[in-house]
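A.B. asks: only the shape, not the letters, is given here:
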């Protein structure tokens with residue numbers, strides 16, 4: 001984990017805590033691909049210093065696959081990104097946790113969801129409670145399989161989505177088809193997987 005020490009950096013700079021403070025310069029035009037890559041690789045090196053060569057190579061390949069996904073999500077919300085948040089220890093911790101999850105599990109950690117959650121924490125229009133939920137989800141997502149995520153999505157769809165204005169079964173079917181790709185893997189989930197979801201308090 002990152003050390004939660006006080007940082008002092010200059011204007012247009014970002015202080016990342018990884019052992020000793022490291023200052024990364026960020027221009028007013030926004031975060032660049034080089035900035036995202038430098039932050040992620042710095043956090044990777046800090047957290048995986050003693051792995052054998054083969055493991056380091058595999059873990060770094062996972063991080064290299066995560067970086068462009070995170071960069072893409074950030075760029076898509078660039079007008080809403082609050083770069084001041086990057087100086088906050090808990091935001092840095094969330095980025096760090098996402099990098100560690102990507103390094104350890106690769107695509108099994110669902111890199112798309114991780115990057116969305118990190119970006120949500122960096123946005124200026126994210127309510128405080130939603131940011132807190134995203135913080136917890138970043139810790140939880142690496143513990144779930146994609147099938148489990150699909151099953152939770154299915155449960156949410158069945159219990160929370162309202163179908164107002166639909167007058168017949170054909171309209172309902174067409175509506176459901178738009179979301180089917182999100183939860184189709186959840187239909188074949190096993191009982192042990194459901195028990196694990198109960199254990200992490202995602203399914204009752």
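C.D. replies: It's in. Fair warning: this is a prediction, and the values are worked out from it, not measured in the lab. Residues are numbered from 1 along each chain as shown.

A.B. asks: average pLDDT across stretch 84-103?
C.D. replies: When pLDDT is averaged along stretch 84-103, the result is 88.

A.B. asks: tell me the mean pLDDT over the helix or strand containing residue 171?
C.D. replies: Following DSSP states H and E, one finds residue 171 within helix 169-177. For helix 169-177, mean pLDDT rounds to 82.

A.B. asks: can you check stretch 187-195 too?
C.D. replies: 90.

A.B. asks: gap between residue 169 and residue 161?
C.D. replies: In this view, residue 169 and residue 161 are 16 Å apart by C-beta to C-beta, to the nearest Å. (Glycine included, C-beta is placed from N, CA and C.)

A.B. asks: same check, this time on residue 41
C.D. replies: 40 Å.

A.B. asks: the two: which is more packed in?
C.D. replies: More crowded of residue 41 and residue 161, by other C-beta atoms under 10 Å: residue 41, with 15 against 10.

A.B. asks: give me the secondary structure label for the more buried one.
C.D. replies: For residue 41, the assignment made with DSSP: H, G, I helix; E, B strand; the rest coil gives helix.

A.B. asks: once you drop chain neighbours, what's closest to it?
C.D. replies: Distance criterion C-beta to C-beta, 6 or more residues apart in numbering; nearest residue to residue 41, sequence neighbours excluded, is residue 63 at 6.9 Å.

A.B. asks: for whichever strand or helix holds the one you found, which positions count as buried?
C.D. replies: Using DSSP H and E, residue 63 maps to helix 53-76. Buried residues in helix 53-76, defined by neighbour count with 16 or more other C-beta atoms under 10 Å: 56, 59, 60, 62, 63, 66, 67, 69, 70, 71, 73, 74.

A.B. asks: okay, angle between the helix or strand just after it and helix 53-76 too, please.
C.D. replies: Going down the chain from helix 53-76, the next helix or strand is helix 89-105, by DSSP H and E. Using axes from the mean of the first three to the mean of the last three C-alpha atoms, to 10 degrees, one finds that helix 89-105 and helix 53-76 are set 130 degrees apart in direction.

A.B. asks: for the next helix or strand after helix 89-105, buried residues please.
C.D. replies: Remark: after helix 89-105, the chain's next helix or strand is helix 111-122, criterion DSSP H and E. Neighbour counts over helix 111-122 (16+ other C-beta under 10 Å) mark 111, 113, 114, 115, 116, 117, 118, 119, 120, 121, 122 as buried.

A.B. asks: how far away is residue 154 from residue 168?
C.D. replies: 23 Å.

A.B. asks: who's more crowded, the two?
C.D. replies: residue 154 (19 against 7).

A.B. asks: can you tell me the closest non-neighbouring residue to the more buried one?
C.D. replies: Residue 154 sits nearest to residue 183 (C-beta to C-beta, 6+ apart), 3.7 Å away.
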